[in-house]
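[1] build me a model:
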Amino acid sequence: MIKAADAAPSGAPTLGWWAAAAALLIVLLAPFLTIDVPPVLDYPNHLARYFVLAHPDDPMLSQIYAPHWRILPNLGMDVLGAALLKVTSVHVGGRILLALSLLMPVIGAVTYHRVVFGRFSYWPLAAGAIAFNAVFFLGFMNFLLSLGLALIGAAAWIALRRRDRNLAAVVVGAAFAALVFFAHIFGVALFALLIGSEELARIVRARREGASLIRELAVSALLLALALAPAVALYLASPLSDANAETGIWRGFAKLWDLLAPVMTTSDAVTALSGGALFVVLVLAARGVQLAPALPWTLAVLAVVFVAVPAMYKGGSFLDIRLAVMAAVLLFAGLLPRLSPRRAIAVAALVIAVIVGRSAFVAHGWYDHRRDLAELRAAIAQVEPGERVLMARGRNIDIVASAQAGRALAGYFPLDNHLGALLTIERRAFWPLMFADASQQPLVLKPAFAPYAGPLCEPVEPALLLRMASAQAGAVPRCKSYLADWPHRFDAVLMLEPPATPPLPELAPAYQGDYVALYRVVPPKPAPGSAGRVHAGEVTSPAQ
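    Presented below is the predicted three-dimensional model:
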């Protein structure tokens, strides 16, 4: 199956290749038919923002949020989402965008492989085995979009440079550098690394062939500088260049688990089995494999950065697992295995089993998640448009138990922290955790509601609610400042994994489920300066 003769002599795809590609598409997209809101961590939050951007004149939400388009490296999906949700229903359009983020790395791998090796091989289609990865389940949609665009841009660069069309390479490279920037800054880094490694490979080859090393160095340096200049200029003009260089912890030996990020799911067993199967596939494919010229240099840099990078930098999180997924996609984009018929059958069987098995596992988990969604919707049905609803969690996260319930990435992070975004989408209510940070998103809160929001925060626990119930709560972390005197600020509390009885005296049950509870805040005396509720197009204050 995966051998040199899997394409026509002209390099055009065969009927068998098209059939395999179509089958892969069907298998990967099947889970999206099982549920309207897939359990992907950041997805509901992103979807709520796209929804607001697509309907800037909504009589309720327009009083809370305002579009704020500017030069930012995370605009790709926002632009697509704001356009698409004007013509589709929110959950259909949202799933189209989420599916696009799933497919883009595979599309990029196929495109890059075709240009580098001059044929449509079956091998890059095997990237479907890692389509459902940790980065996807965490909902980093712009990152995945940028990954595919970076591979396509690098393929265009390689094709033009091989034909010595240097001016065209600069123009196309500069266009892709700008386009990828508006998707995600990590994509720019990958694009620069791929074309830089390609140029380095050209220089090494030229030296072996006795060409002028100085000339090759000068030409490559000039072309790269011109191609990447737009991305550099855009970065300097964006808020990211001035952002606080806050650095997270270095995860040390925990990075060994991060190596499984390309196959990570909500199950330890499925993750481990997938990783083992793909390791066997790579071992079987290693004999006689042909490498893309840029691949060794690119993988070497990614490996060094993966070991050294902290978990967070300048507001970007989970940096190491992003690098692991990048490297895994490159193994399918930049390798051309040459297999005997027996090895090809073994490799094909393993790859097909992994792709089908993982997709079936995801579809089953998403189908089961409909129970959680039904309970959540029953709870938020008690919320009126314009009300302010705090998001909380009733107990400390047990990652193992949450993963077994399909609510957490195995050994890593909960996946349900942003389900409260459905309050905005389906109830036109305010919740404080919307991704509406001016330094990262093209949406801002209007002044009356900015003090009530923590755009980059996670749901709080009852202990912190108890501490913050008073206006004299004392110093708190910056991300929690919106909780100050919350009984005077919020109308209700939506709580995941609630205790059997209300955890605080300020909370009166409005809906009690096994997974979700909604509590009404016991009305205290209004605090001076509180913003009040939004009612039918106007902001009212209790002081009025």
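[2] show me which positions of stretch 363-379 end up buried.
    363, 365-366, 369, 372-373, 376, 379 (16 or more other Cβ atoms under 10 Å). In this view, the C-beta of every residue, glycine as well, is placed from N, C-alpha and C.
[3] one more: stretch 395-407?
    Quick answer for stretch 395-407 (16+ other Cβ under 10 Å): 397, 402-403, 405-407.
[4] dump the buried residues of stretch 363-379 to TSV, plus pLDDT, secondary structure and distance to Cys479.
    Shown next, in TSV, are the buried residues of stretch 363-379 (pLDDT from 0 to 100; DSSP: H, G, I helix; E, B strand; the rest coil; distance: Cβ to Cβ, whole Å):
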residue	pLDDT	secondary structure	distance to Cys479
Ala363	98	helix	35
Gly365	96	helix	30
Trp366	97	helix	30
His369	96	helix	27
Asp372	96	helix	26
Leu373	97	helix	27
Leu376	97	helix	24
Ala379	97	helix	25
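[5] sketch out the low-pLDDT regions of the chain for me.
    1-11, 241-248, 312-316, 470-478, 523-544 (pLDDT under 70).
[6] can you rerun that using 80?
    1-11, 209-212, 240-249, 251, 311-317, 469-480, 523-544 (pLDDT under 80).
[7] which residue ranges form the strands in it?
    Counting by DSSP state E, one finds strands in the chain at the ranges 65-67, 290-291, 312-313, 316-317, 335-336, 389-393, 408-409, 413-414, 443-445, 492-496, 507-512, 516-521, 534-535, 538-539.
[8] can you tell me which of those is most buried?
    strand 492-496 (a mean of 27; mean count of other Cβ atoms under 10 Å).
[9] list the helices and strands it packs on?
    strand 389-393, strand 516-521 (3 or more Cβ pairs under 8 Å, 6 or more residues apart in numbering; DSSP states H and E).
[10] angle of the shortest one against strand 507-512?
    With axes from the mean of the first three to the mean of the last three Cα atoms, to 10 degrees applied, the angle from strand 389-393 to strand 507-512 works out at 80 degrees.
[11] quick one: distance of strand 389-393 to the chain centre.
    23 Å (Cα atoms, centre = their mean, to the nearest Å).
[12] what's that strand packed up against?
    Using 3+ Cβ pairs under 8 Å, 6+ apart, strand 389-393 sits against helix 462-467, strand 492-496.
[13] rerun that using 7 Å as the cut-off
    strand 492-496 (3 or more Cβ pairs under 7 Å, 6 or more residues apart in numbering; DSSP states H and E).
[14] find the nearest non-adjacent residue to the residue positioned nearest the centre of the chain, please.
    The centre of the chain sits closest to Phe140, judged by Cα atoms, centre = their mean, with a distance of 0.8 Å. Spatially, and ignoring its direct neighbours in sequence, Phe140 is nearest to Asp42 (6.8 Å; Cβ to Cβ, 6 or more residues apart in numbering).
[15] pretty sure that neighbour sits against Gly139.
    Yes - using Cβ atoms under 7 Å, Asp42 is in contact with Gly139, at 3.0 Å.
[16] which of the two has more residues huddled nearby?
    Gly139 (23 against 18; other Cβ atoms under 10 Å).
[17] OK, contacts around that one?
    Neighbour list for Gly139: 40-43, 46 [criterion: Cβ atoms under 7 Å, 6 or more residues apart in numbering].
[18] return the member of the buried residues of stretch 395-407 nearest to Ala277.
    Ala403 (20.1 Å; Cβ to Cβ).
[19] circling back to that earlier point, now rank the contacts of Gly139 by neighbours and give me the top one.
    His46 (28 neighbours).
[20] check contacts around that residue.
    Applying Cβ under 7 Å, 6+ apart, the residues near His46 are 77, 139, 141, 435.
[21] same question, Glu458
    With Cβ under 7 Å, 6+ apart, Glu458 has these contacts: Asn417.
[22] same question, Ala131
    Applying Cβ under 7 Å, 6+ apart, the residues near Ala131 are 28, 102, 106.
[23] surely the last one and Ala127 touch.
    Yes - with contacts counted by Cβ under 7 Å, Val106 reaches Ala127, the gap being 4.7 Å.
[24] any common contacting residues for these two?
    By Cβ under 7 Å, 6+ apart, no residue touches both Val106 and Ala127.
[25] mind listing the helices for the stretch 151-300 of the chain?
    For the stretch 151-300 of the chain, the helices defined by DSSP state H, counting those that start in this stretch cover 166-181, 185-208, 213-237, 255-258, 268-286, 295-308.
[26] the ones you listed: which one's closest to Leu160?
    Taking these one by one with Cβ to Cβ, helix 166-181 is closest: 3.9 Å.
[27] what's the closest one packed up against?
    helix 141-162, helix 185-208, helix 213-237.
[28] make it 10 Å
    helix 76-84, helix 141-162, helix 185-208, helix 213-237 (3 or more Cβ pairs under 10 Å, 6 or more residues apart in numbering; DSSP states H and E).
[29] deepest-packed of these, please.
    Most buried among those, counting by mean count of other Cβ under 10 Å: helix 141-162, with a mean of 25.
[30] CA atoms only: put it into CSV for me.
    Extracted C-alpha coordinates of helix 141-162, given in CSV (Å, rounded to 0.1, in the frame of the first residue of the first chain):
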residue,chain,number,x,y,z
MET,A,141,-8.4,25.7,16.6
ASN,A,142,-6.3,28.6,15.3
PHE,A,143,-3.1,26.7,16.1
LEU,A,144,-4.2,23.7,14.0
LEU,A,145,-5.3,26.0,11.2
SER,A,146,-1.9,27.6,11.2
LEU,A,147,-0.2,24.3,11.2
GLY,A,148,-1.9,23.3,7.9
LEU,A,149,-1.3,26.7,6.4
ALA,A,150,2.4,26.6,7.3
LEU,A,151,2.9,23.3,5.6
ILE,A,152,1.0,24.5,2.4
GLY,A,153,3.1,27.7,2.4
ALA,A,154,6.3,25.8,2.8
ALA,A,155,5.3,23.5,-0.1
ALA,A,156,4.6,26.5,-2.3
TRP,A,157,8.1,27.9,-1.4
ILE,A,158,9.8,24.7,-2.2
ALA,A,159,8.0,24.3,-5.6
LEU,A,160,9.0,27.8,-6.7
ARG,A,161,12.6,27.6,-5.4
ARG,A,162,13.1,24.4,-7.3
